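Colleague: Build me a model from this:
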Amino acid sequence: MSYSKDFTVAICGGGLCGLACAVALSRAGISVTVFEASSFSQEAGAGVGLGPNAVRALKGLGIFDAILARSDQPEPIPRLFGFVSAKDPHDFIFSVSCCEDPVALAIYRPAFLDAVVELLDPSIIQFRKRCTSIDVSENGRHVMHFADSTTHETDLIIGADGVRSVARRFVIGELAKDPLIYPNTAAYRGLVPTEDLRRAGVQTELTGRPLCFVGLDKHMICFPIKGATVINIVVFLSDYDKPPQSELPYPWVESVSQKELKEHCKDWGHDPKIILDHLKNPSKWSIHALDPLQNYVRDKVVLVGDASHAMLPHLGAGAGQGFEDVFVLIQLLTHPRTEKSNLSDVLARYNDVRPPRANDVLRASARAGRLYDSFRSPEQDKTRLQTELSGIWEDVWSYDLHKDVTTSFETLHRLHVF
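Modeller: A predicted model of the protein is given here:
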């Protein structure tokens, strides 16, 4: 088979970012193989929120229409958050309003994966291939080692293997401190039928848009899904008095009692208490994140998505940053003048633009969580919160990704790489 480039690519991880990379590279005629530790039949049915910047990146990658077709939305729509006091009488505090085109899409993770897999030649993906380490061969190529004792040699590795990334360990070096932390934030999740909440007397309108009930050291997100017939509930509890801890023992998800969650939220008002009464079997997720990495590239191993900037979910921005990574990387790798001999220079340009951008969003996401968890009462905090929430998503959603690509190309021309 004839390929458009003289280098091969291996993608470590077949999640959202890994498969998006694979589609774009294969369409460009680049030899690519995806190695995924699990099988899709094992994928959890979590929801993925795609903000305006993510939508633009996916359109630029040419895969958005396939994803939209698998969602339960006929088209992307505005998903602007409202903020409400968790205490009675549930004063409305703020409505997010920003961006010229604030459209978004919510989709189940398995539906996203199914949509993208259909765009790939099945021979490109190898399942149940857990990468355990990466090293460099005598000829300068990179070798992936797998749990089944096999290996794979390639010119370029894209580390899309998530928050517990093996590729990241290679990039930062074996002796470097692990940047993965537990910032003392837990999320209690569950689904509740909308009609059950109406019958129980919830007065707050939950079906029009996502709502955030704000409180002190905790907040609750209510997100309508499945045509607003179900409300996706997530309660975040944080202990800001403790310093971040190192990674907790795995797994990070456990079933907990409803009583445990309700005890944490006993100071909340009428509507949140009814919602928690109907959250019968919550699961508790210990949310992990990364301290900001300064480099996403080492040799010819490059990180995308959570492998490089796993962040707290308080701006709903993690997936979007991953797709921004993929868009920039694909523009660089598929440029007509990119070849094996200049890959290091090309990847260096990715490393110029992506860490500053993604780390800014990572820090902003942590600040947003603290903001949502700082509400004592309308008398004390309503005006302050209105001021601080204003424009909170603007930098996330309105970012000019094409400018970064243009700047990268200009630098490569100036350095006579292109």
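
Colleague: Please report phi then psi for Asp345.
Modeller: phi -70, psi -40 (degrees, to the nearest 10).

Colleague: Grab the nearest non-local neighbour of it.
Modeller: Val417 (4.4 Å; C-beta to C-beta, 6 or more residues apart in numbering). For glycine as for every other residue, the C-beta is placed from the backbone atoms N, C-alpha and C.

Colleague: What about that neighbour, how many residues nearby?
Modeller: 17 (other C-beta atoms under 10 Å).

Colleague: Got the domain ranges for this protein?
Modeller: 8-77+100-177+291-414, 180-289 (automatic domain parsing).

Colleague: quick one on the thing from earlier: give me the pLDDT for the residue nearest to Asp345.
Modeller: Listed pLDDT for Val417 reads 96.

Colleague: Looks to me like it is in a helix.
Modeller: No. Going by DSSP: H, G, I helix; E, B strand; the rest coil, the assignment for Val417 is coil, not a helix.

Colleague: so it touches Asn342, yeah?
Modeller: Yes. Applying C-beta atoms under 8 Å, one finds Val417 in contact with Asn342, separated by 5.1 Å.

Colleague: So, low pLDDT: which residues of the stretch 51-200 of the chain?
Modeller: Within the stretch 51-200 of the chain, the segments meeting pLDDT under 70 span 76, 78-79, 98-102.

Colleague: picking up where we left off before, and the residue nearest to Asp345, how far is that from Lys5?
Modeller: As defined by C-beta to C-beta, to the nearest Å, Val417 lies at a distance of 15 Å from Lys5.

Colleague: Equivalent analysis for Glu75, please.
Modeller: Distance from Glu75 to Lys5, by C-beta to C-beta: 35 Å.

Colleague: Can you check the pLDDT for the spatially closest residue to Ser374 that is not a sequence neighbour?
Modeller: Among residues not flanking Ser374 along the chain, Asp381 sits closest, at 6.7 Å (C-beta to C-beta, 6+ apart). Asp381 is assigned 92 on the pLDDT scale.

Colleague: Count the neighbours of Asp381 for me.
Modeller: Asp381: 18 neighbours (other C-beta under 10 Å).

Colleague: That one and Asn342: what is the separation?
Modeller: 54 Å.

Colleague: again with Pro355
Modeller: In terms of C-beta to C-beta, Pro355 sits 21 Å off from Asn342.

Colleague: Counting neighbours, go ahead and name the busier of the two.
Modeller: The neighbour comparison of Pro355 against Asn342 (other C-beta under 10 Å) goes to Pro355, with 20 against 16.

Colleague: buried ones in the helix or strand harbouring that one?
Modeller: Using DSSP states H and E, Pro355 falls within helix 343-372. Within helix 343-372, the residues that qualify as buried are 343, 345-351, 353-355, 357-362, 364-366, 368-369, 371-372, counting by 16 or more other C-beta atoms under 10 Å.

Colleague: Provide a list of residues in contact with the residue nearest to Asp345.
Modeller: Contact partners of Val417, counting by C-beta atoms under 8 Å, 6 or more residues apart in numbering, are 337, 342, 345-346.

Colleague: go on, Val328?
Modeller: Applying C-beta under 8 Å, 6+ apart, the residues contacting Val328 are 350, 353-354, 401, 404-405, 408.

Colleague: Make TSV from the residues you listed and add pLDDT and distance to Ser71 to it.
Modeller: Output for the contacts of Val328, formatted as TSV (pLDDT from 0 to 100; distance: C-beta to C-beta, whole Å):
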residue	pLDDT	distance to Ser71
Tyr350	98	29
Val353	98	29
Arg354	98	27
Leu401	96	22
Asp404	97	27
Val405	98	27
Ser408	98	31
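
Colleague: Switch those over to JSON lines; also include distance to Asp291.
Modeller: Converted to JSON lines, the contacts of Val328 look like this (distance: C-beta to C-beta, whole Å):
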{"residue": "Tyr350", "distance to Asp291": "20"}
{"residue": "Val353", "distance to Asp291": "20"}
{"residue": "Arg354", "distance to Asp291": "16"}
{"residue": "Leu401", "distance to Asp291": "24"}
{"residue": "Asp404", "distance to Asp291": "23"}
{"residue": "Val405", "distance to Asp291": "27"}
{"residue": "Ser408", "distance to Asp291": "25"}
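
Colleague: Kindly indicate which of those lies nearest Asn53.
Modeller: Leu401 (7.1 Å; C-beta to C-beta).

Colleague: Now do the contacts for Leu303.
Modeller: Per C-beta under 8 Å, 6+ apart, neighbours of Leu303: 158-160, 165, 167-168, 171, 293, 296-297, 325.

Colleague: same question but for Ser365, I mixed them up
Modeller: By C-beta under 8 Å, 6+ apart, Ser365 lies in contact with 311-315, 317-318.

Colleague: which of those has the most neighbours?
Modeller: Ala317 (27 neighbours).

Colleague: That one contacts Gly51, correct?
Modeller: Yes. Shown here, Ala317 and Gly51 form a contact pair, counting by C-beta under 8 Å, at 6.7 Å.

Colleague: Mind listing the shared neighbours of those two?
Modeller: Contacts common to Ala317 and Gly51, judged by C-beta under 8 Å, 6+ apart, are Val396.

Colleague: tell me the contacts of Leu105?
Modeller: 49-50, 54-55, 67-68, 71, 73, 76-77.
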